[in-house]
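Asks: Task: produce atomic coordinates for the following.
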Amino acid sequence: MRSHLRSRKIFLILTKFTPHLIGLIYIIYTASLALEFCYVHRLPLYYVAIDEILLVTDQYYGIPLNVYNLFLLHLTVIGILIFSYTYYYVKYHKKNTTIVH
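Replies: Predicted structure coming up:
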């Protein structure tokens, strides 16, 4: 009985603060555009936006995937963004290491 009440309290706390956290992330994203963050530093914020779109689409329209395949879809999205992040970081922050004789 106590574990059920504890689970319910945790669920209520998460339900109460999750919208505020998502709103804060959207504000940070808007600020990143206004403060002209570079593309590399905006990529994690893009992931949050894409993930939210996937979750809202699944909630209202239902993506015809089981839980495992939906998880794989999330992993694919984050994998693409991690690859993009690494590519742009190396491309724009790579130091010149050539030796001039």
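Asks: This protein: helices as residue ranges?
Replies: 2-34, 39-60, 67-93 (DSSP state H).
Asks: shaky segments in the chain?
Replies: 1, 39-40, 94-101 (pLDDT under 70).
Asks: So it: which segments form each domain?
Replies: Following automatic domain parsing, the chain resolves into domains at 1-37, 40-101.
Asks: Mean neighbour count added to the ones you listed, as TSV?
Replies: In this view, the C-beta of every residue, glycine as well, is placed from N, C-alpha and C. TSV is the format used below for the domains of the chain (neighbours: other CB atoms under 10 Å):
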stretch	mean neighbour count
domain 1-37	10
domain 40-101	12
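Asks: who are the neighbours in contact with Glu52?
Replies: The contact partners of Glu52, by CB atoms under 8 Å, 6 or more residues apart in numbering, come to Ile22.
Asks: roughly how far apart are it and Tyr92?
Replies: Distance check for Glu52 against Tyr92: by CB to CB, to the nearest Å, it reads 27 Å.
Asks: again with Ser3
Replies: To Tyr92, Ser3 is 50 Å away according to CB to CB.
Asks: With Arg6 instead?
Replies: 48 Å.
Asks: Kindly report the same for Leu81.
Replies: Leu81 is 16 Å from Tyr92, by CB to CB.
Asks: Same question for Leu72.
Replies: Distance from Leu72 to Tyr92, counting by CB to CB: 30 Å.
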